[in-house]
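>>> coordinates only, no sequence provided:
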């Protein structure tokens, strides 16, 4: 399952939805969301920094309004790839390369998703399945219409028809949690978000409701805490469903490295796991911490702060993402490049879009084509489509 994460609504409410096949497939997504889906990364951002530009209604959004101004297609959450196999497209077909850019699985698929836990979803000639890293189909999807990425040994699976249901399959393709939910997320820290009758809760790997559906929206657990939404306010619960930080924020993001970025009034700051504000709300925007640093907006530019709230990389970029493997994506004008932890540009802005580094490579796009670069900025796979 592939997710889009974006801020939405008059209070910049954080919501997420899925890039899923028909009947709620890409053909039914507005162009901006479709472009994000086509990046073929787990997550990308659509940030609403200014005013209303587009109204979108989509089943998993529960009919809430979406503000879109700027497409931020760089994943904030690093996407890890097993055994360093990366999907590439050549002459209209998808295959996989290794870290050196050599084709390991020849282009042959109409669709090919990232590997997770050694498995990847593929589709060709109307047949759908799960392949291993040798390119062998080990699960022929017949019982379900679609299967997402594996996480903690299970993958979301969707039935077909006019009223698709979601459940989970194991690594043998067996349905282990019957399709019964309106929507699900991957398992994370032992629990998975599910939606029933427009309310969200959490199940365990036996399919038991650990936290019964009761929230307007809920997100994955990080550091033992999950972000939840009720009445357009965001707070945090623990794994028993106990409210630790009551819903009170206009916007918030998951915990990372012990801190969560929250919006109080019209400014962003950070709280600890007790809900205490440890970095005062002072930023127009603040991102999640990664590798000890977090992107913030100050004086209308992006820079970075440390966990004490001190600005350590001067605000100077038009956009910046979180650090991954020692580098972070930044935008200068309309082009993306990479900086190191000192703020020095190590790969000059030259790409139309760029993703976080994972397993030593980063996916970039140039002129509508996608390729992979190493940490020197050299292409190991020239942009193709």
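Perfect, thanks for sending it. All values reported here derive from a predicted model rather than from experimental measurement.
>>> from here on, just use CA atoms for contacts and neighbour counts.
Will do.
>>> burial count for residue 279?
For residue 279, the tally of surrounding residues (other Cα atoms under 10 Å) stands at 17.
>>> for it, phi and psi?
Dihedral pair for residue 279: phi -130, psi 110, per degrees, to the nearest 10.
>>> any idea what it is bridged to?
residue 270 (DSSP bridges).
>>> look up how far residue 247 lies from it.
As defined by Cα to Cα, to the nearest Å, residue 279 lies at a distance of 19 Å from residue 247.
>>> which strand residues sit across from the nearest residue to residue 138 once chain neighbours are set aside in the sheet?
Sequence neighbours aside, residue 131 is the residue nearest to residue 138 in space, at 5.6 Å (criterion: Cα to Cα, 6 or more residues apart in numbering). Taking DSSP bridges, one obtains residue 120, residue 137 as the residues bridged to residue 131.
>>> my guess is residue 131 contacts residue 147. True?
No - contact between residue 131 and residue 147 fails when scored by Cα atoms under 8 Å: they sit 11.7 Å apart.
>>> for the two, indicate the residue with more neighbours.
residue 147 (27 against 19).
>>> what about the spatially closest residue to that one that is not a sequence neighbour, how many neighbours?
Excluding its sequence neighbours, the residue lying closest to residue 147 (Cα to Cα, 6+ apart) is residue 157, at 4.3 Å. Neighbours of residue 157 under the rule other Cα under 10 Å: 29.
>>> got the end-to-end distance for stretch 282-289?
Stretch 282-289: ends 16 Å apart by Cα to Cα.
>>> now that stretch: buried residues?
For stretch 282-289, burial by neighbour count (16 or more other Cα atoms under 10 Å) applies to 282-289.
>>> contact partners of the helix or strand hosting the residue nearest to residue 147?
In this structure, residue 157 sits in strand 155-158 according to DSSP states H and E. Strand 155-158 is contacted from outside by 1, 144-150, 164-171, 179, 184-186, using Cα atoms under 8 Å, 6 or more residues apart in numbering.
>>> also stretch 192-199?
For stretch 192-199, contacts defined as Cα under 8 Å, 6+ apart pick out 62, 181-187, 200-204, 213-220.
>>> what bridges to residue 225?
Note on residue 225: beta-bridge partners by DSSP bridges are residue 222.
>>> burial of it, as a residue count?
24.
>>> list residues touching both of residue 131 and residue 147?
By Cα under 8 Å, 6+ apart, the residues touching both residue 131 and residue 147 are residue 121.
>>> for the closest residue to residue 90 other than its chain neighbours, give its distance to residue 151.
Nearest residue to residue 90, sequence neighbours excluded (Cα to Cα, 6+ apart): residue 385, at 5.3 Å. Distance, residue 385 to residue 151, using Cα to Cα: 28 Å.
>>> these two: which is more packed in?
Using other Cα under 10 Å, the more surrounded residue of residue 385 and residue 151 is residue 151, with 17 against 14.
>>> in the chain, which spans are helices?
For the chain, applying DSSP state H gives helices covering 31-37.
>>> pLDDT below threshold where in the stretch 51-200 of the chain?
51-83 (pLDDT under 70).
>>> what number of residues lie near residue 342?
Neighbours around residue 342, by other Cα under 10 Å: 12.
>>> quick check: residue 326 touching residue 343?
No - here residue 326 does not reach residue 343: they are 10.8 Å apart, not a contact under Cα under 8 Å.
>>> if we can go back for a sec, just the buried ones out of the contacts of stretch 192-199, please.
181-187, 200-204, 213-220.
>>> among those residues, which are located in strands?
181, 183-187, 200-203, 213-215, 217-220 (DSSP state E).
>>> the residue nearest to residue 90 and residue 352, how far apart?
15 Å.
>>> ok, residue 303 next?
20 Å.
>>> compare those two (neighbour count), which wins?
Remark: of residue 303 and residue 352, residue 303 carries more neighbours, 26 against 18, as counted by other Cα under 10 Å.
>>> name the nearest residue to that one, sequence neighbours excluded.
Per Cα to Cα, 6+ apart, closest to residue 303 is residue 315, 3.6 Å.
>>> need the contact list for the one you found.
Contacts of residue 315 (Cα under 8 Å, 6+ apart): 296-299, 301-304.
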